[in-house]
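S.K.: Could you work out the structure for the sequence below:
(one chain, ligands or ions: 2)
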Amino acid sequence: MSKCIGIISIKGGVGKTSCTANLGAALANEFGKNVLLVDANYSAPNLGIHFGITQPEVNLHDVLRNKVDVGEAIYEYTENLHIVPGSLLNDKINPYKLRQTIKQLKKYYDIILLDSSPNLNDEIKSVMLAADELIVVTNPDYPTLSTTMHAVKVARTKNIPIVGLVLNRVRNKSFELSIEEIEKASSVPIIGILSEDISVPMSIANTVPTVMNNPLGNVSVEMKKLAAAILHENYADPRLLPRLRRLFNKEPGIAEVNRDLLRKGVLY
Ligand SMILES: Nc1ncnc2c1ncn2[C@@H]1O[C@H](COP(=O)(O)OP(=O)(O)OP(=O)(O)O)[C@@H](O)[C@H]1O
Ligand SMILES: [Mg+2]
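M.R.: Ligands and ions are numbered 1, 2, ... in the order given. Sure thing, here's the model as predicted:
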């Protein structure tokens, strides 16, 4: 069954677009799913840039304005990883339109990911209306945590299931909030922990998602683990050190435990 997941936060720059691009690439490239990524950040779209689509002739705005059929706005990055880019030339959107468009596309894709705007207005509302589930992206600092708690509250008020939190740009510094603190304050399970990693901006510059550009890096492996859990499949980290850790029965981390519950379908 096709599923549409909105990737949200109500703070800018936390990593929604990077997460959308890489989770999408993991689902398509590692697990062979038919994946569509949609840039629903209407006022500051940049998902296309991650895939080398800089000035798309046809974009989501044209679709939502009924200027073109949605098929014309779909760009093929690979055979099974497709993108609907946005445009900087925007006008007011009807938040209900995206939902209709996604409904139409569901029969062609296993997973549709919506890259959201951070603005708590009609832009994020359109994603919340179109998505079956949400992933909230956050960073380990107080200002981001407070907006994350608010995003969770809004989603819960609207009864949209939250798959979990992806904690991005972790540097393991003493001043950062701990995983336990973030989980407790937000009351949402952490399902991915992505380190601050230069391979992320490097991949954007190369217009190749990190998952494909640096497949054994921490961000890539974590994204593949999350993709596997969403699909209720397994993914074994192929790197030597994690394999040795597993061999010596080192306790799994919180995200690992939560992903296992997600894989088994008992997390939320
Ligand atoms: N794990 C990471 N390590 C290093 N840099 C990162 C990481 N994640 C994201 N970035 C960088 O942070 C910047 C913002 O990321 P991104 O565009 O994904 O955030 P966003 O939440 O989509 O922002 P916006 O709210 O403006 O849409 C980008 O330049 C990206 O390269
Ligand atoms: Mg973005």
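S.K.: where do the helices sit along the stretch 51-200 of the chain?
M.R.: In the stretch 51-200 of the chain, helices defined by DSSP state H, counting those that start in this stretch lie at 60-64, 97-105, 122-130, 142-157, 179-186, 199-206, listed in chain order.
S.K.: will you turn these into a markdown table that also has mean neighbour count and mean pLDDT?
M.R.: (Each C-beta comes from the backbone N, C-alpha and C, glycine too.) Putting these into a markdown table (neighbours: other CB atoms under 10 Å; pLDDT from 0 to 100) gives the following:
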| stretch | mean neighbour count | mean pLDDT |
| --- | --- | --- |
| helix 60-64 | 23 | 94 |
| helix 97-105 | 18 | 96 |
| helix 122-130 | 21 | 94 |
| helix 142-157 | 17 | 96 |
| helix 179-186 | 16 | 96 |
| helix 199-206 | 17 | 97 |
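S.K.: Not counting its neighbours along the chain, what's nearest the residue in the stretch 51-200 of the chain that ligand 2 sits nearest to?
M.R.: Relative to ligand 2, the nearest point of the stretch 51-200 of the chain is Asp115 (5.8 Å; CB to the ion). Take Asp115 and drop its neighbours on the chain: the residue closest to it by CB to CB, 6 or more residues apart in numbering is Thr20, 4.1 Å away.
S.K.: do Asp62 as well
M.R.: Leaving aside its chain neighbours, Asp62 sits nearest to Val68 (4.7 Å; criterion: CB to CB, 6+ apart).
S.K.: do Tyr268 as well
M.R.: What sits nearest to Tyr268 in space, not counting adjacent residues and going by CB to CB, 6+ apart, is Pro161, at 5.7 Å.
S.K.: need the contact list for the one you found.
M.R.: Contacts were defined as CB atoms under 8 Å, 6 or more residues apart in numbering; by that measure Pro161 touches 132-134, 268.
S.K.: Among these, which one has the most neighbours?
M.R.: By neighbour count, taken as other CB atoms under 10 Å, the most surrounded of the contacts of Pro161 turns out to be Leu134 (24 neighbours).
S.K.: what are the bridge partners for it, then?
M.R.: Applying DSSP bridges to Leu134 gives these bridge partners: Gly6, Ile162.
S.K.: Ligand 2 contacts on the stretch 51-200 of the chain?
M.R.: The stretch 51-200 of the chain comes close to ligand 2 at no residue, as judged by CB under 5 Å from the ion.
S.K.: what does the stretch 51-200 of the chain put close to ligand 1?
M.R.: Contact residues of the stretch 51-200 of the chain with respect to ligand 1, defined by CB under 6 Å from any ligand atom, are listed as 118, 168-169, 194, 196-197, 200.
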